[in-house]
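In: sequence? don't have it. structure:
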């Protein structure tokens, strides 16, 4: 057990290990927490009401498609407020058909009111309260998972990502070198949409409201091969979204060898590939705009039907921007925007100072205990001191084995373990002393002392272990770090105090034929 602990701890002690070691033996180091190596602390609030609005907007588009398919003429289908949809149909006789469509395909929409006028019948449909709450909860849960996927691909070691309250997410990123890049990556909504360019509508007509069809003006990054940045212009797109980024199965950074610029290559899943093929087939010689978070990155002309489920996003990206964009597209879009409620950056100098002070406190505590045990129990105390060193070795090896994160409270747990590690030996030695005073032989006194004191030691340590496990289960952050080292330390101290020291005494009595041991 001691050998295994040393093997797992060696990568932490000696980072420059040979390649053969890394291939055959453990190479995972002890990870340091945010308070020791520095990093970033974020609290995000998920704008869950936006997820409800997005759900209604999707319902609006789906209702329009359903009305066109069933040949129900309508004047208005639009979102009205945070959780309602307003529909205006021209023929009152078709109310029954409208009701049948909604009850069949849109069961989450309940009747909220109806009003007749010269323009037709205006009907209001509202999402049920339970469905609104369900969408909000799903938005927070999906945002948590999406952010976790993005951070995992970003390459942060031992991030701490967990929900906080109903709509907040706590994020701790130890060792982060570029906080702003991490914030941009985490907070990017990454809503990818494919829309057709309204080629029959000029920008001036759209701004003056003279367009005959439903169109919208979008900012567009004008691609300039000789520039490192894109200059924004404006473009008019049809309001209808033909396809979204939900069908993306992969996104990778590639290099355009003509301009030596990076771009993002997209791959769609089976359903997405078929949809993209149909879109390109129906719109040959027309321009298809690729819109990300409300900004058009490119609007190429479709020369022919595109099979195979592949597309690309070009623009004036740096390699880092293209890589981050590929990460967020692979990880998926956030269901709703997130707002930074709290941001804190911990510098590595503070972490180094904490490590230094923690090591000094461990050293002072250990030296005090070693001197006391050696003076008070003499030779037996030296054996207990040896067990103390082994206890620390096993504890640190276990931290590396389980890939636990060492925090400042974790160092406090190690210091507490150092104090408790010799406690079991004190109980044993005092029991042995009592047996020796009764006139028993050294061998008999050791047997009795270990057997009877072990029960007391187990009782005391098991109750402490229960408390540590409860802290680990229900605690968060610093409390959990303390519980991890305390739990491992308790188990390691029982092993070294009861088993290792007993083996040493047995060796001295049986192999070395020692007749007396100072205690």
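Out: Alright, I've got the coordinates. What you see is a predicted model, and the numbers here were worked out from it, not measured in a lab. Residues are numbered from 1 along each chain as shown.
In: C-alpha from now on. contacts and neighbour counts both.
Out: OK.
In: care to break the chain down by domain?
Out: 2-37+348-510, 49-129, 188-343 (automatic domain parsing).
In: Tell me where the stretch 51-200 of the chain has strands.
Out: Assigned by DSSP state E, counting those that start in this stretch, the stretch 51-200 of the chain shows strands spanning 74-79, 84-89, 109-117, 120-127, 160-164, 168-174, 192-196.
In: Output those as TSV; include the columns mean pLDDT and mean neighbour count.
Out: Formatted as TSV, the strands of the stretch 51-200 of the chain follow (pLDDT from 0 to 100; neighbours: other Cα atoms under 10 Å):
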stretch	mean pLDDT	mean neighbour count
strand 74-79	81	18
strand 84-89	83	22
strand 109-117	77	13
strand 120-127	81	20
strand 160-164	84	16
strand 168-174	87	23
strand 192-196	87	21
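In: Which of the ones you listed sits closest to residue 480?
Out: strand 160-164 (11.5 Å; Cα to Cα).
In: contacting residues around residue 246?
Out: 332, 333 (Cα atoms under 8 Å, 6 or more residues apart in numbering).
In: Phi, psi for residue 507 please.
Out: As for residue 507, its main-chain torsions (degrees, to the nearest 10) stand at phi -60, psi -50.
In: again with the one 10 residues further on
Out: Backbone torsions for residue 517, taken as degrees, to the nearest 10, come to phi -130, psi 120.
In: what's the pLDDT at the one residue sitting closest to the centre of the chain?
Out: With distances taken as Cα atoms, centre = their mean, residue 148 lies nearest the centre of the chain, 2.7 Å away. pLDDT, residue 148: 86.
In: which residues does it contact?
Out: Residues near residue 148 by Cα under 8 Å, 6+ apart: residue 161.
In: so how far is residue 324 from it?
Out: Applying Cα to Cα, to the nearest Å, the value for residue 148 to residue 324 is 14 Å.
In: re earlier: can you list the domains of the chain in TSV and add distance to residue 171?
Out: Formatted as TSV, these follow (distance: least, Cα to Cα, whole Å):
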stretch	distance to residue 171
domain 2-37+348-510	11
domain 49-129	21
domain 188-343	10
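In: Nearest to residue 144, out of the ones you listed?
Out: Closest among the domains of the chain, using Cα to Cα: domain 188-343, at 9.0 Å.
In: Return the list of helices and strands in contact with the helix or strand containing residue 42.
Out: Secondary structure from DSSP states H and E places residue 42 in strand 39-46. Counting contacts by 3 or more Cα pairs under 8 Å, 6 or more residues apart in numbering; DSSP states H and E, strand 39-46 packs against helix 129-154, strand 168-174, strand 338-346.
In: Including distance to residue 455, could those go into a markdown table?
Out: Listed next are the helices and strands packed on strand 39-46 as a markdown table, based on distance: least, Cα to Cα, whole Å:
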| stretch | distance to residue 455 |
| --- | --- |
| helix 129-154 | 46 |
| strand 168-174 | 42 |
| strand 338-346 | 45 |
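In: Can you tell me which of those is most buried?
Out: strand 168-174 (a mean of 23; mean count of other Cα atoms under 10 Å).
In: Show me which helix runs longest in the chain.
Out: Ordering each helix of the chain by length in residues (DSSP state H) puts helix 442-474 first.
In: now the residue of the chain most remote from its centre, what's its secondary structure?
Out: Among residues of the chain, the one most distant from the C-alpha centroid is residue 439; the distance is 63.8 Å, by Cα atoms, centre = their mean. Assigned by DSSP: H, G, I helix; E, B strand; the rest coil, the conformation of residue 439 is coil.
In: Quick check: it vs residue 445, distance?
Out: Distance from residue 439 to residue 445, by Cα to Cα: 9 Å.
In: Residue 76 now?
Out: In this view, residue 76 and residue 445 are 95 Å apart by Cα to Cα.
In: what stretches of the stretch 1-150 of the chain score poorly on pLDDT?
Out: The model of the stretch 1-150 of the chain has pLDDT under 70 over residues 118-119.
In: What is the helix or strand harbouring residue 413 packed up against?
Out: Counting by DSSP H and E, the element that carries residue 413 is helix 408-421. Taking 3+ Cα pairs under 8 Å, 6+ apart as contact, the helices and strands that helix 408-421 lies on are helix 348-377, helix 379-401, helix 478-494.
In: Now the phi/psi pair for residue 255, please.
Out: phi -110, psi 130.
In: Pull the number of nearby residues for the nearest residue to it once chain neighbours are set aside.
Out: Spatial nearest neighbour of residue 255, excluding adjacent residues (Cα to Cα, 6 or more residues apart in numbering): residue 262 at 4.4 Å. Neighbour count of residue 262, defined by other Cα atoms under 10 Å: 22.
In: and if you look at residue 155?
Out: By other Cα under 10 Å, the residues close to residue 155 number 10.
In: ok, so what distance separates it from residue 463?
Out: Residue 155 is 39 Å from residue 463, by Cα to Cα.
In: any idea of the angle the helix holding residue 413 forms with helix 442-474?
Out: Taking axes from the mean of the first three to the mean of the last three Cα atoms, to 10 degrees, one finds helix 408-421 and helix 442-474 inclined to each other by 160 degrees.
In: Quick one: mean pLDDT for helix 408-421?
Out: Rounded mean pLDDT across helix 408-421 is 84.
In: Got phi/psi on residue 260?
Out: The phi/psi pair for residue 260 (degrees, to the nearest 10) reads phi 60, psi 50.
In: The residue nearest to residue 255 should be in a strand, yeah?
Out: Yes: the assignment for residue 262, made by three-state DSSP, places it in a strand.
In: and it, what does it touch?
Out: Contacts for residue 262 (Cα under 8 Å, 6+ apart) come out as 253, 254, 255, 256, 314, 317, 318, 319, 322.
In: how much space between the closest residue to residue 132 other than its chain neighbours and residue 166?
Out: In this structure, residue 132 finds its nearest non-sequential neighbour in residue 52, 6.5 Å apart by Cα to Cα, 6+ apart. To residue 166, residue 52 is 15 Å away according to Cα to Cα.
In: just residue 472 next, same as before
Out: Per Cα to Cα, residue 472 is found 22 Å from residue 166.
In: which of the two has more neighbours?
Out: residue 472 (19 against 12).
In: Check that one and give its pLDDT.
Out: So residue 472 comes in at 86 (pLDDT).
In: dump the residue contacts of the residue nearest to residue 132.
Out: 82, 83, 132, 135, 136.
In: Which one of those is nearest to residue 7?
Out: residue 136 (48.1 Å).
In: for the closest one, what are its contacts?
Out: 48, 49, 51, 52.
In: Would you agree the second one is in contact with residue 81?
Out: Translated: residue 49. No: counting by Cα atoms under 8 Å, residue 49 stays clear of residue 81, with 11.1 Å between them.
In: So for these two, which residue has more residues nearby?
Out: Comparing residue 49 with residue 81 by neighbour count (other Cα under 10 Å), the higher total belongs to residue 49, at 18 against 11.
In: Doesn't that one belong to a helix?
Out: Yes: Residue 49: assigned to a helix according to three-state DSSP.
In: and the closest residue to residue 398 other than its chain neighbours, how far is that from residue 271?
Out: Spatial nearest neighbour of residue 398, chain neighbours left out: residue 5 (6.6 Å); criterion: Cα to Cα, 6+ apart. According to Cα to Cα, residue 5 and residue 271 sit 51 Å apart.
In: And for residue 476?
Out: In terms of Cα to Cα, residue 476 sits 42 Å off from residue 271.
In: same deal with residue 189?
Out: Separation of residue 189 from residue 271 (Cα to Cα) stands at 23 Å.
In: Is residue 335 in contact with residue 139, as I believe?
Out: Yes: Residue 335 is within contact range of residue 139, at 5.6 Å (criterion: Cα under 8 Å).
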